[in-house]
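Engineer: got a sequence here, can you model it:
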Amino acid sequence: MTIVDAIIQGVVQGLTEFLPVSSSGHLTITQHVLGLDLEGGNLFFNVMLHIGTLVAVVAFYHKLIWRLIKAFFSMIGDIFTGRFKWKELSDDKRMVIMVIIGLLPLVLLFVPVPGTGMKLKDFVESFNTSKYFIVVGVCLLLTSILLFIGNRCSRSDVPMKHAKGGETGRTSMNVVDAMAVGLTQCFATLPGLSRSGSTLSVGQMRGLNKQTALDYTFILGTPAIIAAAVLEGKDALEGGMDKISADIVPIIVGMVVSAVVGYLAIALFKWLLKTDKMIIFIIYTAIVGIAVIVVSILEMKSGVNLFSGAPLT
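Structural biologist: Sure thing, here's the model as predicted:
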């Protein structure tokens, strides 16, 4: 892998991890076009790109994350001293509980899939190959549909409580909101189904204020990114260190690029959402989804990757 390849994938990861267009889907598309394999050093490279975007979200939300960490330990103290009262929770303590509840559905990823001998996580990852490239296209179309519905809900004429700034929707989350968004995050492990886009849309469908839904999906995604990096990192290291050592410079470059671009992408996403420009992502994911489906059909007929000429695996 060259430094140019690393920069390209770093930009793709940084943009698509937070913009509602699916980072896994776009990385699969990029690697498919460049003819890169997903094993060994390149799998480790994907892990480091995720760490780069983790740095971005922590940097952008560092004040809120620090408040939530303090709220978590304060709440633990309240529980042990008998001062914990659900109705008297501060906004930060309530958010901590909602994040914990939202993460619970991730346990489903480790449930065995009958007849496959694989856990749900491994079963989903099996679609990250050129043989199932069409799955990326279908999931991108689904992302477009979810974004459209979520956008319609946030602009609906149905009366809702007005939040600060004149926006409609609730700023306070409940248990059902957290579970709905958490379950959606599990399905978003499919390549092409945007995690930020799908969870944001479900939050809007639940009646949440769009900025509240977006902040929650970014905070909820932080532990998920960490878990993904740990699990994928273990698999990558088991594949051997030789290839990783040979690509160490491109790996570092890609990670730094993904962190910088990711930070800018978060700021861009919040601005686009605030100014009601989500139609950009709705149209984009629909067009790319259709294009991937067309390419996939042509490749399945020929049996080879149209870009690299390699056999589909």
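Engineer: from now on I want contacts and neighbour counts done on CA atoms only, so please keep to that.
Structural biologist: Noted.
Engineer: after the helix or strand hosting Ala265, next one along is what?
Structural biologist: Element membership for Ala265, per DSSP states H and E: helix 248-274. Using DSSP H and E, the next helix or strand after helix 248-274 towards the C-terminus is helix 279-302.
Engineer: show me the shaky parts of the stretch 201-313 of the chain.
Structural biologist: For the stretch 201-313 of the chain, the stretches with pLDDT under 70 are 232, 235-246.
Engineer: now do the strands in the protein.
Structural biologist: 112-113, 118-119 (DSSP state E).
Engineer: which secondary structure elements does the last one contact?
Structural biologist: Okay, so that is strand 118-119. strand 112-113 (3 or more Cα pairs under 8 Å, 6 or more residues apart in numbering; DSSP states H and E).
Engineer: quick one: distance of the strand it packs on to the chain centre.
Structural biologist: How far strand 112-113 lies from its chain's middle: 23 Å, per Cα atoms, centre = their mean, to the nearest Å.
Engineer: could you pull out the buried residues of stretch 20-37?
Structural biologist: 20-32, 35 (16 or more other Cα atoms under 10 Å).
Engineer: save these as TSV, and put in pLDDT and distance to Ser154 too.
Structural biologist: As requested, these are exported to TSV (pLDDT from 0 to 100; distance: Cα to Cα, whole Å):
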residue	pLDDT	distance to Ser154
Pro20	94	16
Val21	93	19
Ser22	90	21
Ser23	82	24
Ser24	82	26
Gly25	87	26
His26	86	27
Leu27	78	30
Thr28	85	31
Ile29	89	31
Thr30	83	32
Gln31	80	35
His32	86	36
Gly35	78	40
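Engineer: just give me the closest of the residues you listed to Leu108.
Structural biologist: Of all the buried residues of stretch 20-37, Leu108 sits closest to Ser24, with 19.5 Å by Cα to Cα.
Engineer: how near is the residue nearest to the spatial centre of the chain to Leu34?
Structural biologist: For the chain, Arg195 is the residue whose C-alpha lies nearest the centre (Cα atoms, centre = their mean; 3.5 Å). With distances taken as Cα to Cα, to the nearest Å, Arg195 is found 24 Å from Leu34.
Engineer: ok, Gly117 next?
Structural biologist: Distance from Gly117 to Leu34, by Cα to Cα: 32 Å.
Engineer: now the strands of the chain in CSV, with distance to Thr184?
Structural biologist: Putting these into CSV (distance: least, Cα to Cα, whole Å) gives the following:
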stretch, distance to Thr184
strand 112-113, 18
strand 118-119, 18
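Engineer: export those to a markdown table and tack on mean pLDDT and distance to Thr199?
Structural biologist: Formatted as a markdown table, these follow (pLDDT from 0 to 100; distance: least, Cα to Cα, whole Å):
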| stretch | mean pLDDT | distance to Thr199 |
| --- | --- | --- |
| strand 112-113 | 88 | 24 |
| strand 118-119 | 88 | 23 |
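Engineer: I'd like those laid out as JSON lines, including distance to Gly82 and mean neighbour count.
Structural biologist: Formatted as JSON lines, the strands of the chain follow (distance: least, Cα to Cα, whole Å; neighbours: other Cα atoms under 10 Å):
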{"stretch": "strand 112-113", "distance to Gly82": "39", "mean neighbour count": "14"}
{"stretch": "strand 118-119", "distance to Gly82": "40", "mean neighbour count": "16"}
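Engineer: which residues touch Ser172?
Structural biologist: Shown in contact with Ser172 (Cα atoms under 8 Å, 6 or more residues apart in numbering): Asp91, Leu208.
Engineer: and the gap between it and Lys274?
Structural biologist: 18 Å.
Engineer: try Gln211
Structural biologist: Counting by Cα to Cα, the gap from Gln211 to Lys274 is 7 Å.
Engineer: so for these two, which residue has more residues nearby?
Structural biologist: Gln211 (20 against 13; other Cα atoms under 10 Å).
Engineer: can you state the direction angle for the top helix by length along the chain and helix 248-274?
Structural biologist: The longest helix of the chain (DSSP state H) is helix 210-238. Here helix 210-238 runs at an angle of 160 degrees relative to helix 248-274 (axes from the mean of the first three to the mean of the last three Cα atoms, to 10 degrees).
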